[in-house]
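>>> Okay, predicted coordinates and the sequence, questions at the end:
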Amino acid sequence: MKRKAFQAALPHTLPICVGFLFLGMSYGFLMRSKGFPFYYPLLMSLFIFAGSMEFVTVNLLLSTFQPVYAFLLTLMVNARHIFYGISMLETYRGIGWKKFYLIYGMCDESFSINCSTTPPPGVDKSWFMFFVTLLNHIYWVTGATLGALLGYVIHFDTTGIEFVMTALFVVIFLDQWEQGGDHKAALTGVACAGLCLVIFGSQSFILPAMLLMVMCFSLGKGRKEEA
């Protein structure tokens, strides 16, 4: 049963493997360029397992200790996982201990596969989701660790390497823009970010921008329900 589930899950995760290895390696290189030993990205990718937040954490570790700011920033950056979790409540019901790892290891890519893919006949759904999550987790940890280890022997100018995550989100934004018919949400996000950038500056605009977006979307949803 486990072997069939693994064999069914593996092909769905191979495209993610390519992306995670390259993104993870860039994260490992970045951590190494900032002076962190290889086990920092290894452990952070293993226990945090949130790509965008891990890139943000690099600067948090190097800046003044601000636990409240770090907590709120993490909450806002990963707030989408709240909605992922709510939508998977019924799917995760009654699958035993695997539920705890599936909750812990949920990322955008694993959620996308587990939410939309029906395993082949005879394959247990819970084990299929488990192996999808586990494989994606392994890809990310491997990429981050490999990048950090290569950082010991390969030396180059890493200026701008932290932009890789920003570039990824720009590509995702453009893809969603092309696929979506209504651009109100995208324009709202851009407007909120731009406004907060002007008011708070490039070093402090992320958290207020996130809060403003949540407020705008909540108000918009309330008005839509009233109508």
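That came through, no problem. The shown structure was predicted, so the numbers you read here are calculated from the model rather than taken from an experiment.

>>> domain parsing for this protein?
2-160, 181-227 (automatic domain parsing).

>>> taking those domains together, which one is wrapped up most tightly?
Mean neighbour count (mean count of other CB atoms under 10 Å) peaks for domain 2-160 among these, with a mean of 16. (C-beta placed from N, C-alpha, C; glycine too.)

>>> one step back: make CSV out of the domains of the chain and add mean pLDDT and distance to L174.
Shown next, in CSV, are the domains of the chain (pLDDT from 0 to 100; distance: least, CB to CB, whole Å):
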stretch, mean pLDDT, distance to L174
domain 2-160, 88, 16
domain 181-227, 79, 10
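
>>> In TSV: these, plus distance to V170.
TSV is the format used below for these (distance: least, CB to CB, whole Å):
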stretch	distance to V170
domain 2-160	13
domain 181-227	11
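
>>> Return the residues in contact with L46.
Contact analysis of L46 by CB atoms under 8 Å, 6 or more residues apart in numbering lists 137, 141.

>>> three-state assignment of it?
helix (DSSP: H, G, I helix; E, B strand; the rest coil).

>>> What distance do you get for it to L187?
Separation of L46 from L187 (CB to CB, to the nearest Å) stands at 38 Å.

>>> what's the answer for Y40, then?
On the measure of CB to CB, Y40 and L187 end up 38 Å apart.

>>> Equivalent analysis for L73, please.
Distance from L73 to L187, by CB to CB: 24 Å.
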